[in-house]
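[1] Sharing a model prediction with you, sequence too.
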Amino acid sequence: MLHNLFLLAFAALISIFAGQKFVTYLAARRFIKANGCKPPYRLPQSERIIGYGLLRAQRRAAAEKRLLETWCKRFEGSENTVQMSIVGTTIFQTVDPENIKHVLATKFQDFGLGRRLKTFGPLLGSGIFTSDGAHWEHSRVRPDINWTLQAY
C-alpha cells in the first residue's frame, strides 16, 4: 500500500513538472509568434533538461574569477542570443542591441526579472536592478528629461 502511494505521488510530481514545462513552452511559442522572433542558438549541453554541467562550469569560472570571459565565449561563433538550461530553468542571454532595446525600453512590460528581487533584494533593495513592471518604469523614466537621441 505504501509503495503504491509513493508511486502515485511520484507520478503526480512528474505530471506537474511536465505540465509546467508544456505551459511554458506554449507561452514561449505565442511570444515568438507575436514578436517575430528567430529561434535562439541552443548552447550545446550534455544534460539539456537539467543543465547541471553548465552550473558546475559557471561556479568554477566564478571561483577562478573568469565568469565574464566565460559568458562572452558563449557568443563566439554563434548568434547574438543563446538559450541554455541550468538546473531545469531555461535561460536566454543576448548581446544583440535590438533585443536589449526591446527588453529595457520599448517592450519591457513583456519581460520580467523572475526571482531577481527575492535573490538580490536583500542586497540591493527595491530599485532599478530588482524591480519589474510599473515600479521599474518609474525608477528609470524621468519625465523632465527629453531622451530623444540626436545626431551631431
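    Received, thanks.

[2] tell me the SS of the nearest residue to Arg74 once chain neighbours are set aside?
    Among residues not flanking Arg74 along the chain, Val82 sits closest, at 5.2 Å (CB to CB, 6 or more residues apart in numbering). From N, CA and C alone the C-beta is placed, and that goes for glycine too. Secondary structure, DSSP: H, G, I helix; E, B strand; the rest coil: Val82 is strand.

[3] Might you report the residue contacts of Val82?
    Residues in contact with Val82 (CB atoms under 8 Å, 6 or more residues apart in numbering) are Pro40, Tyr41, Arg42, Leu43, Arg74, Phe75, Phe92, Gln93, Thr94.

[4] how about a cut-off of 6 Å?
    Tyr41, Leu43, Arg74, Gln93 (CB atoms under 6 Å, 6 or more residues apart in numbering).

[5] Would you mark the buried spots in the helix or strand hosting Ile32?
    Here Ile32 sits within helix 2-35, counting by DSSP states H and E. Using 16 or more other CB atoms under 10 Å as the burial criterion, none of the residues of helix 2-35 qualify.

[6] With stretch 115-122 instead?
    Neighbour-count burial for stretch 115-122 flags Leu117 (criterion: 16+ other CB under 10 Å).

[7] Can you list the neighbours in contact with the helix or strand containing Thr119?
    Using DSSP H and E, Thr119 falls within helix 116-124. Residues outside helix 116-124 that contact it (CB under 6 Å, 6+ apart): Thr130.
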